[in-house]
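Student: kindly generate the corresponding structure for this input.
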Amino acid sequence: MVHSSSSASALSGADTKIHPSAIIEPGAQIGAGVEIGAFSVIGPEVVLHDNVRLAAHVVVAGKTEIGEGTQVFPFASLGHAPQDRKFRGEESRLIIGSGNVIREYVTMNPGTEQGGLVTRIGDGGLFLTGAHVAHDCQIGNHVLLVNNATLGGHCVVEDFASVGGLSAVHQYVRIGAYAFIGGMSGVENDVIPFGMALGNRAHLAGLNIVGMKRHNFDREQIHSLRKAYRMLFATEGTLLERLEDVEKMFSDDGEVQRVVQFVKADSSRSLCVPRNGA
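Tutor: A predicted model of the protein is given here:
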């Protein structure tokens, strides 16, 4: 439960712990068990749900909502105006889910009118030092952004995907569930679920086998995905023809169908393919 108050002192109940030097603007809503460290600044339209923990020197601005149990480390900046020349001050939101860990110097921006006015972060994510989530991104659950990974505006990153350190993801790119982006990659095109993309500019370099094993995919499931991958990115025929073949052959395989539907979905970006692929 969150409580609205006009002063930090009035928030001292409900098991909150707020350092005297922190600034809590009137109107901010603070849940039970929230901790706010020294010199942090919380804007008047911010909502902090129960057990959120903000370290020293955290700034949360705008219409930003942070879910239960999320931890934010020093010098993170959440909810300030989007880095977009088209932004004209329209009311937009940043919604961060529960159980995330947001490390030092991470920046996350709210949405814009062109992207639905909402940037959304799922639950259980880990955002390491210096990572950036731009306006209108839609981030799934248990996503990992390693140090200084950068997402351009309007990106979609699905559940359990990992983006390596110092990587840059172009605006509007989609990264599928369980995909892995290698460090220092420049990602211009959509990466299929379970795919592994490497390089500048990034190419598809197989499947994220290590990631699947870590998430307890069994041997049979990994084998099916490998077989489907080889068919999809073979050299015979067109990609559309191969996609139809994969869809029919693996009609009862939910994980392969996840890949099929990802490829079939509308996108403004091309598909990231192997270097010898079509």
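Student: you'd agree L144 is up against V163?
Tutor: Yes. The pair L144 and V163 passes the contact test of CB atoms under 8 Å, sitting 6.9 Å apart. For the C-beta atoms, the positions are set from N, CA and C on the backbone; glycine is no exception.
Student: can you give me the helices in the protein?
Tutor: Ranges of helices in the chain, per DSSP state H, are 209-214, 219-232, 239-249, 254-264.
Student: give me the residues contacting the longest one.
Tutor: Put plainly, it is helix 219-232. For helix 219-232, the external contacting residues (CB atoms under 8 Å, 6 or more residues apart in numbering) are 194, 206-207, 209, 212-213, 239, 242-243, 245-246, 249-250, 253, 255-256, 259, 263.
Student: out of those residues, which are buried?
Tutor: Listed as buried from the contacts of helix 219-232 are 194, 206-207, 212, 242-243, 245-246, 250, 253, 255-256, 259, 263; burial here means 16 or more other CB atoms under 10 Å.
Student: what's the most distant pair in those residues?
Tutor: The distance between the two most remote of these (CB to CB) is 22.6 Å, for M212 and D245.
Student: still on that earlier bit, the helices of the chain: which one's closest to C155?
Tutor: Nearest to C155, of all the helices of the chain, is helix 254-264, at 14.3 Å by CB to CB.
Student: flag the shaky bits of the chain, pLDDT-wise.
Tutor: For the chain, applying pLDDT under 70 flags the ranges 1-14, 277-278.
Student: pull up the gap between the residue nearest to the spatial centre of it and S224, please.
Tutor: The centroid of the chain falls nearest to I139 when counting by CA atoms, centre = their mean (3.2 Å). From I139 over to S224 the distance is 27 Å, taken as CB to CB, to the nearest Å.
Student: one more: C137?
Tutor: Counting by CB to CB, the gap from C137 to S224 is 31 Å.
Student: who has more neighbours out of those two?
Tutor: Using other CB atoms under 10 Å as the criterion, C137 and S224 rank with C137 on top: 25 against 17.
Student: list the contacts for the residue lying closest to G62 once chain neighbours are set aside?
Tutor: Counting by CB to CB, 6 or more residues apart in numbering, G62 lies nearest to G79, which is 3.8 Å off, once chain neighbours are set aside. Each residue near G79 by CB under 8 Å, 6+ apart is listed here: G43, V46, V60, A61, G62, K63, T64, L94, M108, N109, P110.
Student: contact partners for the residue lying closest to S268 once chain neighbours are set aside?
Tutor: Distances taken as CB to CB, 6+ apart place Y172 nearest to S268, at 4.7 Å, with adjacent residues excluded. By CB under 8 Å, 6+ apart, the contact set of Y172 is G152, G153, H154, C155, S267, S268, R269.
Student: burial check on the third one, number of neighbours?
Tutor: Here the neighbour count serves as a burial measure; for H154 (other CB under 10 Å) it reads 23.
Student: pretty sure it sits against I139.
Tutor: No. Contact criterion CB under 8 Å: H154 and I139 do not qualify, at 11.8 Å.
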